[in-house]
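Visitor: here is the input, now give the coordinates:
(chains A and B)
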Amino acid sequence: MSDVQQTVEVLPKLSSTKKKKPVGFYLSATWIGTVVFLAVFGWLLPTRPWDSADYDALGVKPFSPNHPLGTTGDGYDMLSGLVNGAKISIFVALVGVIIGGSIGTFIGVTSAYYRGMYDRVVTMIFNVMLSIPNLVLSLALLSVLAYSDENNPTTTSRRVGVLMLSLTIVVVPILGRIGRASALQWAGREFVLASKSMGTSNASIIIRHILPNVAPAILAIGFLAVGSLIIVEGSLAVLGIGVPGGASWGSMLANGRGNIAYSPHEVYMPAMAIALTVISCNWFGDYVRRALDKRESKI
Amino acid sequence: MAGSGKAHMRPDGDRVLTVEDLTVEFRLGKDKIVKAVSGVSFDLIRGETLAIVGESGCGKSTLGKAILQLPKPNSGTVNFLSTELTTLGKKELRDMRPAMQMIFQDPVSSLDPRLPVSEVLAEPLKVWKRGNQIEIDAKIDELLNAVNLDPAVVRDRRSYEFSGGQCQRISIARALALEPTMIICDEPVSALDVSVQAQILNLLQDMKDRYGLTLIFISHDLAVVKAVSTRVMVMYLGKVCEVAPPDELYKTTRHHYTRALLASVPIPDPDRPTSSQLIQGEPPSPLDPPSGCRFRTRCPAATEKCAAEEPQLREVAVGHFVACHHPNES
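Guide: I've put the predicted structure just below:
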């Protein structure tokens, strides 16, 4: 039988149809870039030492010549505090999301793919974990794991380690559920069945077909999770069980809240750093999600 | 109608596939079991195209997947190229897979949107280590040319950049990559425009002649079936009703269900009176199928015998088998 040679007309490439990116994208990307830069290279900058007080300048207002963002009532420089705090705030949140997200995605995607008893147990555990508010869960984990009394005080590095561990555990069910929901949808597609019927192993179906398709959802929610972990870290510090001594933004907030009446910038500065970072993460995550969704919505 | 039996089997033919008493059940809660396919038997002679027809939910697609052991059937035997598939271990079953491939209904869902066409077609070749990168590239070009797509244009594009018909061509190319003996086509043209349907059907026919394939063609569209098949098997609620060559089946329809199915094919003539032979009502729930003949609740010729006794397939003309106590006399 004869068949007409197909003329292949294809949709225009995505790049030509791309809309201009919203201003929010550039603002949030710039802010995230700055914060990450400060977190990584901040210690190279010629700022004052963050942990030694300038006793000639107690409670200086912002925009003063020696202290651009002012000082605390005890004479600690706000700018160097913020630069140094970025390190722990960002580091703790990123490590939590990357490790917790990887574990959660792995568990979620495999449970969606294999179903059965494994899936039921995983879903139940995720649901139980998600029913406990983030803050309460990390509070409980932290107070058990970093318990200290007068005889054995907990070191700062141990506190940071335990903080990261508890934030990681908080993230596992959040990204695990997203990964599971997304993988469920993809695992039902016929190309998965086609791969099975040609003898591709389950492991390589998951790696080659399911994970790349699940990645956009995980990535977008991952950015949101970074934002919420920064908040959890701050909240824990304010409750007095985070990183001590003003070493993170939350910790600076906690130290400054006693002085809010006469030097409010001690609270505003770290609070604004946290707020801007969280908003940027949400915006950026949202943008990533929309950019990656386009491809699917074209079908 | 809708009975069991093996009168239509051809033990002396060059059989590629022999399915006997195949049953697939789905568990829906504690005591609810749906028998999607119950006791179906048929065989497939090398080079033929067996069409499996029936309305939605009669178990056609489930049957197709059960033959590929995705998932394994609950009981019955599937003998493919003299190998019993249902009892094979994981590894041995995997070794059989290249010889049996499947083409699916939804052309877009059949292709991974993240992968360019060259990767889609390379997957089966890489899984089975068929040659090095240069040989695989050459094979991909050959496959794309075979399905009338220009490799230079198509290779690096992804599935969402193609129309349904083009996606289906790529699916066919993928199914051909491992040079299978048998391809199960699960409603391969149902999701396509009528003009594209003809192209894809012609393509399947070409590929069949060129690569010496044996096809199972699952469809609900009797017009399509007539065009492609050499043998038609009509299914109702997981059972076989009638088996016959298409010309015979369309000329002298013996089964009441097949007759109703044929009468439901729309004919573009506004003056034509509405057929009185259209069956009434919905198919009964497969959770609780009727006793005896499964079609009796909607059958115009049903008697008490139909409720008491399940009809067996029997030969009513040469090569024409029907499972009915009171077949049409035509």
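Visitor: hmm, who's touching stretch A:223-236?
Guide: If you take Cβ atoms under 8 Å, 6 or more residues apart in numbering or on different chains as the criterion, stretch A:223-236 is touched by A:88-90, A:92-94, A:96-97, A:100-101, A:134-135, A:138-139, A:142, A:163, A:167, A:170-171, A:174-175, A:242-243, A:248-250, A:253, A:270, A:274, A:277-279, A:281-282, A:284-285, A:288. In this view, the C-beta of every residue, glycine as well, is placed from N, C-alpha and C.
Visitor: go on, stretch A:24-33?
Guide: For stretch A:24-33, contacts defined as Cβ under 8 Å, 6+ apart pick out A:Leu276, A:Thr277, A:Ile279, A:Ser280, A:Cys281, A:Trp283, A:Phe284, A:Tyr287.
Visitor: ok, now with 7 Å
Guide: Contacts to stretch A:24-33, defined as Cβ atoms under 7 Å, 6 or more residues apart in numbering or on different chains, come from residues A:Leu276, A:Thr277, A:Ser280, A:Cys281, A:Trp283, A:Phe284, A:Tyr287.
Visitor: quick check: which ranges of the stretch 201-330 of chain B have low pLDDT?
Guide: Within the stretch 201-330 of chain B, the segments meeting pLDDT under 70 span B:273-278, B:330.
Visitor: can you give me the strands for it?
Guide: Taking DSSP state E, counting those that start in this stretch as the criterion, the stretch 201-330 of chain B contains strands spanning B:214-219, B:231-236, B:239-244, B:314-317, B:320-322.
Visitor: can you tell me which of the ones you listed is most buried?
Guide: Most buried of the strands of the stretch 201-330 of chain B, by mean neighbour count (mean count of other Cβ atoms under 10 Å in any protein chain shown): strand B:239-244, with a mean of 28.
Visitor: what residues does the stretch 101-250 of chain A put near chain B?
Guide: Neighbours of chain B within the stretch 101-250 of chain A, by Cβ under 7 Å from any Cβ of the partner chain: A:189-191, A:193-200, A:209, A:212-213.
Visitor: pLDDT for those - can I get that in TSV?
Guide: Formatted as TSV, these follow (pLDDT from 0 to 100):
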residue	pLDDT
A:Arg189	91
A:Glu190	91
A:Phe191	93
A:Leu193	92
A:Ala194	92
A:Ser195	93
A:Lys196	91
A:Ser197	90
A:Met198	89
A:Gly199	89
A:Thr200	90
A:His209	93
A:Pro212	90
A:Asn213	90
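Visitor: need the buried ones from the residues you listed selected in ChimeraX.
Guide: Here is the ChimeraX command that selects the buried residues among those (16 or more other Cβ atoms under 10 Å in any protein chain shown):
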select /A:189,190,191,193,194,195,196,197,198,199,200,209,213
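Visitor: from the residues of the stretch 101-250 of chain A next to chain B, which land in helices?
Guide: The helices, defined by DSSP state H, take in A:Glu190, A:Phe191, A:Leu193, A:Ala194, A:Ser195, A:Lys196, A:Ser197, A:Pro212, A:Asn213 from those.
Visitor: okay, these in CSV with distance to B:Ser75 next?
Guide: Below are these laid out as CSV (distance: Cβ to Cβ, whole Å):
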residue, distance to B:Ser75
A:Glu190, 26
A:Phe191, 30
A:Leu193, 22
A:Ala194, 26
A:Ser195, 27
A:Lys196, 22
A:Ser197, 22
A:Pro212, 38
A:Asn213, 35
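Visitor: ok, which pair from these is furthest apart?
Guide: For those, the farthest-apart pair by Cβ to Cβ is A:Ser197 and A:Pro212; their separation is 20.2 Å.
Visitor: what would the contacts of stretch A:24-33 look like in a markdown table with pLDDT?
Guide: Output for the contacts of stretch A:24-33, formatted as a markdown table (pLDDT from 0 to 100):
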| residue | pLDDT |
| --- | --- |
| A:Leu276 | 94 |
| A:Thr277 | 94 |
| A:Ser280 | 94 |
| A:Cys281 | 92 |
| A:Trp283 | 90 |
| A:Phe284 | 90 |
| A:Tyr287 | 86 |
